[in-house]
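Asks: I'd like to go over a predicted model; first the sequence, then the structure.
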Amino acid sequence: MSVVIETPNSPRTRNQANWEKYGWLFMRISGPLLIVLVFTHLVVNLVLGEGIKAIDFAFVAGKWADPFWQYWDMAMLWLAMIHGTNGMRTIVNDYTERVKVRTALNTSLWAVCALLILLGTLVIFTFDPCPAGAAADLLPSFCPALTS
Amino acid sequence: MAEQAIAEVETFQVTLMIRRFDPEADQEPKWVDYDVQMFGTDRVLDALHKIKWEVDGSLTFRRSCAHGVCGSDAMRINGRNRLACKTLIKDLDISQPIYVEPIKGLPVEKDLIVNMEPFYKAYRDINPFLIASGTPDKERLQSPEDRARYDDTTKCILCAACTSSCPVFWTDGQYFGPAAIVNAHRFIFDSRDEGAQVRLDILNDKEGVWRCRTTFNCTEACPRGIEVTKAIAEVKQAILRGRP
Amino acid sequence: MVTMPAGTLYRGKVGMWSWVLHRISGVGIFFFLLVHILDTALVRVSPEAYNAVIAVYKTPIIGIAELGLVGAILFHGLNGLRVIAVDFWAQGTKYQAAMFWAIIVITIVLVAAFTPVHLARVFG
């Protein structure tokens, strides 16, 4: 009985639009930036002061009252999402064999990425630190006391 | 005393576990074990010969020069890509069976023989020959410094130990692979060659140097000691610079 | 039909294992990032909703898992710098193994220093 040996390596396809170089460079530029952004984020939120114990609505509101942290978190959001999605894309490209599966996975990855970047950015910049009708003890100290 | 030491080469019993596959009989590869008596001066290739000549003539593997030059007998020995003719049995842990398998990522044809065509295709694709204009009256001169730039990558014997040790190549055979990039490096950084831009363009491909994840398996596997990962890094930098 | 023979696991050295760890930590951080953006987005819903979800991060099991997350982020970040050194620094390929072990030591030391501080808050 004879067995047909499959050729797992189909011939190379050439002359596609090539963004790989820019993707590769982006990972190496965003990486060091993310180290600064994320490591600072971890130290400020988890090490300094009361650490995780102190994190609540008032903590976030206090941070985002300062545009510095708004832009800090926005940069972190954008760079981390694109860096992460591009990394996931590399993994998908390495381990998927069928073109349809690959395209479907990569399309969903970038759709999720765009959606979360949009959501996150909107949240950072439309955020109201003193929402009307909220219990006063949950709000940051700078909110005007609600008199009823 | 000295004479005695020469006369008595140590011998030992070793077990070889060989990954065998007969396309006419087997559905999938299987491990087969062989016990052989070997000498301290023997290499894995000698053990394979002994099995083929004395135990089972159907054992199939490639070898030609048997001295680490032709690059025919790259195989996976105890989980690592090695040339069978350069691996001394006494250097392996002989208290355990020695596992011998075909190199990974290329289609197995029979036993330890794989189809090398996808590997050679990638090699051909990078134009592995001198591209130079004009017909010189005398030899093309080159300074020792210029020659030193690509000295390391001239040593390749195309055994495929590097390419078939690359995790990216295993899962995506479209990747050019370390050997093709090493051989492109050999001409890209040759001052007499004029085809560098063409080769840099070819390797700037979706399946080119950017797929390298610097796992160093290739550098570690190379029987010629070529610093493969370093050569690939130099090609990456040349593409970014736009010139060698 | 014959598929690729599985055979033994390739016995690569630290370069290969650093790549495996980089991938695993990267995927882990990516999925945490998705969750983290969604939970932070709750500040836009109401203070109560955000505080309720963030309280989960302060429970013992998640609190301990956060140590793993911090370790993964440290390793992934530092190993990323190692990869950049291999790609751009002429001596990078020579010292890649030494750099890997340095990263492992730094990661372990920092996580070990952070552990008592963090757990005292989680269990305190």
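Replies: Everything's here; your move. Just so it is clear, the model here is predicted, and its values are computed rather than measured.
Asks: quick check, residue B:34 in a strand?
Replies: Yes: per DSSP: H, G, I helix; E, B strand; the rest coil, residue B:34 lies within a strand segment.
Asks: that one and residue B:16 touch, don't they?
Replies: Yes: taking contacts as C-beta atoms under 8 Å, residue B:34 lies within contact range of residue B:16: 4.9 Å. In short, each C-beta sits where N, CA and C put it, glycine included.
Asks: between those two, what contacts are shared?
Replies: Applying C-beta atoms under 8 Å, 6 or more residues apart in numbering or on different chains, one finds that residue B:34 and residue B:16 are jointly contacted by residue B:51.
Asks: would you map the helices across the chain?
Replies: All of this refers to chain A. Counting by DSSP state H, chain A has helices at residues A:20-42, A:57-64, A:67-95, A:99-126.
Asks: I was thinking of chain C, sorry if that wasn't clear
Replies: C:14-41, C:47-56, C:60-88, C:96-123.
Asks: reformat those as a markdown table; add mean pLDDT, mean neighbour count and distance to chain B.
Replies: As requested, those are arranged in a markdown table below (pLDDT from 0 to 100; neighbours: other C-beta atoms under 10 Å in any protein chain shown; distance: least, C-beta to the nearest C-beta, whole Å):
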| stretch | mean pLDDT | mean neighbour count | distance to chain B |
| --- | --- | --- | --- |
| helix C:14-41 | 97 | 17 | 3 |
| helix C:47-56 | 94 | 16 | 35 |
| helix C:60-88 | 97 | 18 | 5 |
| helix C:96-123 | 97 | 15 | 6 |
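Asks: got a markdown table for those helices, with distance to chain A too?
Replies: Below are the helices of chain C laid out as a markdown table (distance: least, C-beta to the nearest C-beta, whole Å):
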| stretch | distance to chain A |
| --- | --- |
| helix C:14-41 | 4 |
| helix C:47-56 | 4 |
| helix C:60-88 | 4 |
| helix C:96-123 | 4 |
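Asks: for the ones you listed, which one sits closest to residue B:174?
Replies: helix C:14-41 (18.9 Å; C-beta to C-beta).
Asks: mind listing the strands for chain B?
Replies: Secondary structure of chain B (DSSP state E): strands at B:11-20, B:30-39, B:74-77, B:80-83, B:98-101, B:108-110, B:113-114.
Asks: tabulate those (TSV), appending distance to chain C.
Replies: Formatted as TSV, these follow (distance: least, C-beta to the nearest C-beta, whole Å):
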stretch	distance to chain C
strand B:11-20	6
strand B:30-39	9
strand B:74-77	7
strand B:80-83	5
strand B:98-101	5
strand B:108-110	6
strand B:113-114	10
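Asks: nearest to residue A:29, out of the ones you listed?
Replies: strand B:80-83 (34.0 Å).
Asks: got the contact list for that closest one?
Replies: Contacts for strand B:80-83 (C-beta under 8 Å, 6+ apart): B:44, B:68, B:71, B:73-76, B:103, B:159, B:161-162, B:164-165, B:217, B:220-221, B:223, C:10-12.
Asks: got the domain ranges for chain C?
Replies: C:25-58, C:59-124 (automatic domain parsing).
Asks: report the distance from the shortest one to the chain centre.
Replies: It stands for domain C:25-58. Relative to its chain's centre, domain C:25-58 lies at 17 Å (C-alpha atoms, centre = their mean, to the nearest Å).
Asks: against residue C:37, how distant is the residue most central in space within chain A?
Replies: Centroid-nearest residue in chain A, with C-alpha atoms, centre = their mean: residue A:81, separated by 2.9 Å. Here the criterion is C-beta to C-beta, to the nearest Å. By it, residue A:81 lies 8 Å from residue C:37.
Asks: what of residue B:226?
Replies: 45 Å.
Asks: one more: residue A:48?
Replies: Taking C-beta to C-beta, one finds residue A:48 at 23 Å from residue C:37.
Asks: again with residue A:65
Replies: 20 Å.
Asks: residues near the closest residue to chain A within chain B, how many?
Replies: Here chain B gets closest to chain A at one residue, residue B:173, 2.8 Å apart by C-beta to the nearest C-beta. Residues lying near residue B:173 (other C-beta atoms under 10 Å in any protein chain shown) number 24.
Asks: would you mind measuring from it to residue B:67?
Replies: 30 Å.
Asks: show me which residues of chain B are close to chain C?
Replies: B:19, B:21, B:23, B:26-29, B:76, B:78-80, B:99, B:101-102, B:104-105, B:107-108, B:165, B:167, B:213-217, B:219-220, B:227, B:229-230, B:233, B:236-237 (C-beta under 8 Å from any C-beta of the partner chain).
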